[in-house]
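In: What follows is a predicted structure for the sequence shown.
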Amino acid sequence: MSIDGVSGRTSYIGTNILNLRNQLNDLTTQLATGKVSTTYAGQGLDRGFALSLRAQISGINAFSDTATNLNTRLSVANLSLQGLSDVGSQVKNASTTATLTLNENGQTSGQITAQAAFANAVAMLNTQSGDRYLFSGRAMDTPATVPADTMLKGTATQAGLTQLINERKQADQGANLMGRLSVSSPPATTTVTSVAEDGSPFGLKLLSVQSSLTGATVTQPAGTPKSASVDLGAVNPKDGDKIKFNFTLPDGTTDAVELTATTTNPPPAGSFLIGADTTATTANLQATLTSSIKTLSDTSLVAASALAASNNFFNPVATVSGAAVNNHNTPPAPISGATALSGAAGTDSLSTSFAAGDTITVNGTPITFVASGATGNQVNITDSVQTLMSKIDQISGTKNPSTISNGAITLHGADGQNLAISSSNTAALGALGIANNTTATPAPLRVGGPPFNTASNLVAGTPANTVYWYTGENGPGSARGTALAQVDQSITVQYGARANEQAFRYLLQNVAVYAAVTTNASNPNANAQVTALAQRVGANLAPQSGQQQIQDVQAEFAGAQTATKAATDRQTQLKSMSETMLDSIEGVNQDEVATKILALQTSLQASYQTTSMLYQTTLLKYLPIG
């Protein structure tokens, strides 16, 4: 018979020891890692659920990082917004409390304050968070504006705000410093005083005339260009009778010249002497009215002109400048506002007439020509060029009325909007000096010149000759939508901003004009000029009804922060629950594992001892001695 060795019968013991050893290794790994397994295979049937939980936690962590970056940017932006709001309050206060004393540069202490405040405002609009400019729209790697000094003073080749203000002042005052008005008597009259505009978009504009002059006949402003008149007739006014001429100024404000009839000689300020007859009184009225208009032109008009120039600089407008064209008259002459839209040869009409059924389309809205009875967006073919320009202005929504000078039409669009002009009658549109399918983009407006004191229109500045102050992105859509952050699976927060938004632009243009204007201290009207400017700036920096405010932007940013916080709080709770569930799948009970390890170590030690004893057993130990 054969005798088997011990090892052959006890190989199962070695296998058992290896199993115990593997179990001990697994438990030791669990104790060290706190995980049931280092592989998904070892997690059993719940491994798929564990994978989805890990993906959810990873997504929450990503949203958390986004929220952190977003809150940082919003916090930085809010600091800038608060700073801009403070700038407005600071300059408003300075405009109402500063003295009228002019320094060697022709500026008050309030204007010096405005200079520093303006530089500060521009710096805040160029704020960065990391490598992102916060007020540049989608152009996050581009500063929002040119430097403050460049805006005010320009460059060697580009005009800045200060130059545009000076040019506009010349245009609004006119060559005779009368605000582009004339005071005269019509031919062959001696008792009529006529006040007339010159037809340009500059200077004082007649609004109305109020009179208590005894026996006088007043004709209210009418015509193109407008004129008004007062006829004293045959009876002199009484002592104390008044007449008031109301005017609209370039910035949209109003002012007036009020004169009182007096028998006191010399007459006090604001009065005209009653003469021996109405002819003499008329001469006195005209002399006093002329002097008063010149004073108005050198005080309130100067301030209003500066504000209009600042608005034209900061608030770009699309401009279509037509070519100079002649009418159908014999001999031909440059077209004017009175030129008819259709007519026979030898008449003051367009060289190519519009016909009933033709259209001119302005920014997608058609103007239809009809034979007669025009309503709504219709124009009679017998109407004038001025009527057509007014209809175009109505549709475009411009604040800068269209003009015509020396046969050339100039059309303007609404603030910050493109202007597109086309017509079904290309030849007739060409007779207006405008090419078919003409489109213009917004640009700063400046006075067409030199010479500026006789200028007849506003023209679009170009990047070559005028500073374009806003350098960020200016595409379609809302400013807020230029920067997006997804803070949850279904929540996207908008937090973009553009420095040319109404609230920021309006603040800049008012602070800048106050900082830019200088006044000649030797001018007897210097104090009145400075006062008129300060009053307007102070009023403009007060909250404007129906206009975007900095506080509105702050509220929108606050809404973004609130939405982000709500999403983050919800995600924090969800993450905690997910981690708890994941731990129940992947984690282990450390005490239980330690107990199992001790038990296995005891079993393994016993197995080792038993195996050792078995492998030392031989047949000799069982054979008898001797």
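Out: Now that the structure is in, tell me what you want to look at.

In: center of this structure, which residue is that?
Out: The centre of the chain sits closest to Glu501, judged by C-alpha atoms, centre = their mean, with a distance of 1.9 Å.

In: residues in contact with that one?
Out: Shown in contact with Glu501 (C-beta atoms under 8 Å, 6 or more residues apart in numbering): 479, 548, 553. Placement of C-beta: from N, CA and C, glycine included.

In: what residue ranges in the protein score low on pLDDT?
Out: Scanning the chain for pLDDT under 70 picks out 1-14, 16-17, 19-51, 53-54, 56, 578-594, 596-601, 603-626.

In: in it, which helix has the most residues?
Out: In the chain, with assignment by DSSP state H, the single longest helix is helix 47-97.

In: buried set for the following helix or strand past that helix?
Out: Sequence order places helix 109-125 as the next helix or strand after helix 47-97, per DSSP states H and E. Neighbour counts over helix 109-125 (16 or more other C-beta atoms under 10 Å) mark 110-111, 113-115, 117-122, 124-125 as buried.

In: What of stretch 325-335?
Out: Buried residues in stretch 325-335, defined by neighbour count with 16+ other C-beta under 10 Å: 325-329, 335.

In: Which two among the residues you listed are spaced furthest apart?
Out: Using C-beta to C-beta, the two most remote members of the buried residues of stretch 325-335 are Val325 and Asn329, lying 12.2 Å apart.

In: What about Glu258, how many residues nearby?
Out: 13 (other C-beta atoms under 10 Å).

In: Correction: the previous question concerned Gly346.
Out: 10.

In: do the one 10 residues further on as well
Out: Using other C-beta under 10 Å, Ala356 has 12 other residues around it.

In: before we move on, the earlier item: return the members of the contacts of Glu501 classed as buried.
Out: Listed as buried from the contacts of Glu501 are 479, 553; burial here means 16+ other C-beta under 10 Å.

In: The contacts of Glu501 into JSON lines, with extra columns for distance to Ser211?
Out: Putting those into JSON lines (distance: C-beta to C-beta, whole Å) gives the following:
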{"residue": "Ala479", "distance to Ser211": "50"}
{"residue": "Gln548", "distance to Ser211": "42"}
{"residue": "Val553", "distance to Ser211": "48"}
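
In: and of the contacts of Glu501, the nearest to Ile421?
Out: Nearest to Ile421, judged by C-beta to C-beta, of the contacts of Glu501 is Ala479 at 27.9 Å.

In: Nearest spatial neighbour of the closest one, chain-adjacent residues omitted?
Out: What sits nearest to Ala479 in space, not counting adjacent residues and going by C-beta to C-beta, 6 or more residues apart in numbering, is Arg498, at 4.2 Å.

In: which residues does the one you found contact?
Out: 135-137, 144, 470, 472-474, 479, 482, 504.

In: Can you tell me which of these is closest to Gly203?
Out: Tyr470 (29.1 Å).

In: Look up which residues are beta-bridged to the residue nearest to Ala443 when sequence neighbours are not counted.
Out: Distance criterion C-beta to C-beta, 6+ apart; nearest residue to Ala443, sequence neighbours excluded, is Ala460 at 4.1 Å. Note on Ala460: beta-bridge partners by DSSP bridges are Leu445.

In: Help me confirm that Ser372 comes into contact with Thr382.
Out: Yes - shown here, Ser372 and Thr382 form a contact pair, counting by C-beta atoms under 8 Å, at 7.2 Å.

In: More neighbours: these two, which one.
Out: Legend: neighbour count by other C-beta under 10 Å for Ser372 and Thr382, higher for Thr382 (17 against 10).

In: Look up which helix or strand that one falls in, please.
Out: Using DSSP H and E, Thr382 falls outside every helix and strand.

In: ok, it touching Ala340?
Out: Yes - counting by C-beta under 8 Å, Thr382 does reach Ala340; the two are 6.3 Å apart.

In: Skipping its backbone neighbours, what lies nearest Gln417 in space?
Out: Nearest non-adjacent residue to Gln417, counting by C-beta to C-beta, 6+ apart: Ala318, 6.4 Å away.

In: Next one: the spatially closest residue to Gly199 that is not a sequence neighbour from Ile274, what distance?
Out: The shortest distance from Gly199 to any non-neighbouring residue, by C-beta to C-beta, 6+ apart, is to Pro225 (3.7 Å). Distance, Pro225 to Ile274, by C-beta to C-beta, to the nearest Å: 31 Å.

In: Same question for Pro187.
Out: To Ile274, Pro187 is 25 Å away according to C-beta to C-beta.

In: Mind checking which of the two has more residues around it?
Out: Set Pro187 next to Ile274 and count neighbours by other C-beta under 10 Å: Ile274 wins out with 23 against 5.

In: residues near the residue nearest to Gln571 when sequence neighbours are not counted, how many?
Out: The shortest distance from Gln571 to any non-neighbouring residue, by C-beta to C-beta, 6+ apart, is to Ile60 (4.7 Å). Using other C-beta under 10 Å, Ile60 has 21 neighbouring residues.

In: what does Ala338 give?
Out: 13.

In: Ignoring the adjacent residues along the chain, who's closest to it?
Out: In this structure, Ala338 finds its nearest non-sequential neighbour in Ser384, 5.5 Å apart by C-beta to C-beta, 6+ apart.

In: Look up phi and psi at that neighbour.
Out: Main-chain dihedrals, Ser384, degrees, to the nearest 10: phi -100, psi 170.

In: ditto for Asn474
Out: phi -140, psi 40.

In: pretty sure it contacts Gly137?
Out: Yes - assessed by C-beta under 8 Å, Asn474 is found in contact with Gly137 at 6.7 Å.

In: With neighbour numbers in mind, choose between those two.
Out: Higher neighbour count among Asn474 and Gly137: Gly137, with 25 against 19, using other C-beta under 10 Å.

In: before we move on, back to that, so which of the contacts of Glu501 is the closest to Thr264?
Out: Looking at the contacts of Glu501 and their distance to Thr264, the nearest is Gln548, at 52.4 Å (C-beta to C-beta).

In: Would you mind giving the buried residues of stretch 325-335 as CSV with secondary structure added?
Out: Shown next, in CSV, are the buried residues of stretch 325-335 (DSSP: H, G, I helix; E, B strand; the rest coil):
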residue, secondary structure
Val325, coil
Asn326, strand
Asn327, strand
His328, coil
Asn329, coil
Ile335, coil
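
In: So which of the residues you listed is the closest to Asp298?
Out: For the buried residues of stretch 325-335, the nearest to Asp298 is Ile335 (34.9 Å; C-beta to C-beta).

In: which residues does the closest one contact?
Out: 325-327, 350, 385, 404, 407, 409, 431-433.

In: could I get the residues you listed as a markdown table with secondary structure and distance to Val91?
Out: Below are the contacts of Ile335 laid out as a markdown table (DSSP: H, G, I helix; E, B strand; the rest coil; distance: C-beta to C-beta, whole Å):
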| residue | secondary structure | distance to Val91 |
| --- | --- | --- |
| Val325 | coil | 47 |
| Asn326 | strand | 50 |
| Asn327 | strand | 50 |
| Leu350 | strand | 50 |
| Val385 | helix | 43 |
| Ile404 | strand | 39 |
| Gly407 | coil | 44 |
| Ile409 | strand | 39 |
| Ala431 | helix | 50 |
| Leu432 | coil | 44 |
| Gly433 | coil | 43 |
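
In: out of those, who's nearest Asp298?
Out: Nearest to Asp298 among those: Ile404, at 28.9 Å, using C-beta to C-beta.

In: quick one: contacts for that closest one?
Out: Per C-beta under 8 Å, 6+ apart, neighbours of Ile404: 335-337, 385-386, 389, 410.

In: Cool, thanks, talk later.
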